[in-house]
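S.K.: Mind looking at a prediction? Sequence and model below.
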Amino acid sequence: MTNNRGIISHGSNNHFSNIAIGANAQASGPGPQHSAEPAVEAGAGWDLGIVTILSEELRSVIDELKLHRHKMPSGLYFYQGQHSVPGATLRVVATQTQSQGQRSTMAALENLRRHYNPRLWALVGIGGGIHDDHARIGNVIVSTDVVYYESRKINPLGDTRRRGEHRQAPAQVVHAVNAYFTDHGTPARINGQMTAHADDQYEVYPGVIGSGEAVIADRASDIRTYLTAYHEKVLAVDMEAGGLSQYWQENSVHGTENPGWIVVRGVSDNADEHKGHRHHELAARNAAHVLNQLLPYLC
């Protein structure tokens, strides 16, 4: 008996793909499809580096700023492109951290600095609101002030005393944010950036972000109590802004100009027992939209 193995093709215009025939044969499907858009060359001259944490946040930034995926030979993924504002074309790059928290944020910032060296950092995505009036779900908080709340001293008998670290963005960023609110009002107002919320109006406030390592889902949390007592304008909390402000401060010793930084947080929950994922998409898309509005002032 004769065993015939293989493919016989008669005629033209035949095409075979992802086919495996015979013992121990394997077929491999395509890997992740890279954007057909030409990559923007990395190097000097990048205007904005954006750090996101969740996939919803990154997707919102990509859609809002029309960015395209770019894979480095090292395996790192970035999303880059050019974005036009009045009088300029900005070179923009975004990335996503590996996980939540300050440490992963600092690693992502270092990757952006090493490969793109942008002149402005932006941390964009969702946060938990802790102000009943200004930080309603869907509203956006624009912050140039961060209070890191994790530093503390633990004394005997359960006496814990937090030592907040307060950092402010460079003066030129603060001036840019002030100009935005001068033109748009305080609060500024936007329509919801999801189809289901397109007719809903949300507010944009300047405010302070409280940042640490805790996921807060308790209205009576001692962290919330501490932050509101520390600074009455703390409007929202996150787990990354402290890493951004710390990274900026520690890199200020380099001879090159240290980039400015800004935090844009859409409110996805009220840091209470109702905390969940329901409003992540709305908050992330509203935050990305506000970043887009800020770019003519920041850059």
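M.R.: Perfect, thanks for sending it.

S.K.: any low-confidence regions in the stretch 51-200 of the chain?
M.R.: With pLDDT under 70 as the threshold, the stretch 51-200 of the chain has no low-confidence stretch at all.

S.K.: for it, what spans make up the helices?
M.R.: Under the criterion DSSP state H, counting those that start in this stretch, the stretch 51-200 of the chain contains helices at 55-65, 102-115, 171-184.

S.K.: As JSON lines, these with mean neighbour count and distance to residue 218 would be great.
M.R.: All C-beta atoms are positioned from the backbone trio N, CA, C, and that covers glycine. Output for the helices of the stretch 51-200 of the chain, formatted as JSON lines (neighbours: other Cβ atoms under 10 Å; distance: least, Cβ to Cβ, whole Å):
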{"stretch": "helix 55-65", "mean neighbour count": "21", "distance to residue 218": "24"}
{"stretch": "helix 102-115", "mean neighbour count": "19", "distance to residue 218": "21"}
{"stretch": "helix 171-184", "mean neighbour count": "15", "distance to residue 218": "31"}
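
S.K.: Residue 298: which of those is closest?
M.R.: For the helices of the stretch 51-200 of the chain, proximity to residue 298 was assessed by Cβ to Cβ; helix 171-184 is nearest, at 4.8 Å.

S.K.: Can you dump the C-alpha atoms of that closest one in CSV for me?
M.R.: Presented in CSV, the C-alpha positions along helix 171-184 are these (Å, rounded to 0.1, in the frame of the first residue of the first chain):
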residue,chain,number,x,y,z
ALA,A,171,4.1,76.6,36.8
GLN,A,172,3.6,76.4,33.0
VAL,A,173,1.2,73.5,33.3
VAL,A,174,-0.8,75.3,36.0
HIS,A,175,-1.0,78.4,33.9
ALA,A,176,-2.3,76.3,30.9
VAL,A,177,-5.0,74.6,33.0
ASN,A,178,-6.0,78.0,34.4
ALA,A,179,-6.4,79.3,30.8
TYR,A,180,-8.5,76.3,29.9
PHE,A,181,-11.0,77.0,32.7
THR,A,182,-10.9,80.8,32.0
ASP,A,183,-12.1,80.0,28.5
HIS,A,184,-14.5,77.2,29.3
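
S.K.: Now tell me what touches that helix from outside.
M.R.: The contact list for helix 171-184 (Cβ atoms under 8 Å, 6 or more residues apart in numbering) reads 120, 142, 144, 168, 188, 204, 206, 260-262, 293-294, 297-298.

S.K.: and with 10 Å instead?
M.R.: Helix 171-184 is touched from outside by 120-122, 142-145, 168-170, 186-188, 190, 204-206, 259-262, 264, 290, 293-299, with contacts defined as Cβ atoms under 10 Å, 6 or more residues apart in numbering.

S.K.: For that helix, what is the distance to the chain centroid?
M.R.: Here helix 171-184 is found 20 Å from its chain centre; the criterion is Cα atoms, centre = their mean, to the nearest Å.

S.K.: Also stretch 209-218?
M.R.: Offset of stretch 209-218 from its chain centre (Cα atoms, centre = their mean): 17 Å.

S.K.: among the contacts of helix 171-184, which are in strands?
M.R.: Per DSSP state E, strands hold the following members of these: 120-122, 142-145, 168, 188, 190, 204-206, 260-262, 264.

S.K.: What subset of those residues is buried?
M.R.: Among these, those classed as buried by 16 or more other Cβ atoms under 10 Å are 120-122, 142-145, 188, 190, 204-206, 260-262, 264.

S.K.: Out of the residues you listed, which is nearest to residue 61?
M.R.: Residue 61 has its nearest neighbour among these in residue 122, at 8.9 Å by Cβ to Cβ.

S.K.: if I pick that closest one, what's in contact with it?
M.R.: Neighbouring residues of residue 122 by Cβ under 10 Å, 6+ apart: 48-52, 61, 92, 94, 173, 244, 259-264, 287, 291, 294-295, 298.

S.K.: what do you get for residue 108?
M.R.: Shown in contact with residue 108 (Cβ under 10 Å, 6+ apart): 49-53, 76, 94-98, 123, 240, 243-244, 247.

S.K.: Now, those residues that are in strands?
M.R.: Using DSSP E, the members of the contacts of residue 108 that fall in strands are 49, 50, 51, 52, 94, 95, 96, 123.
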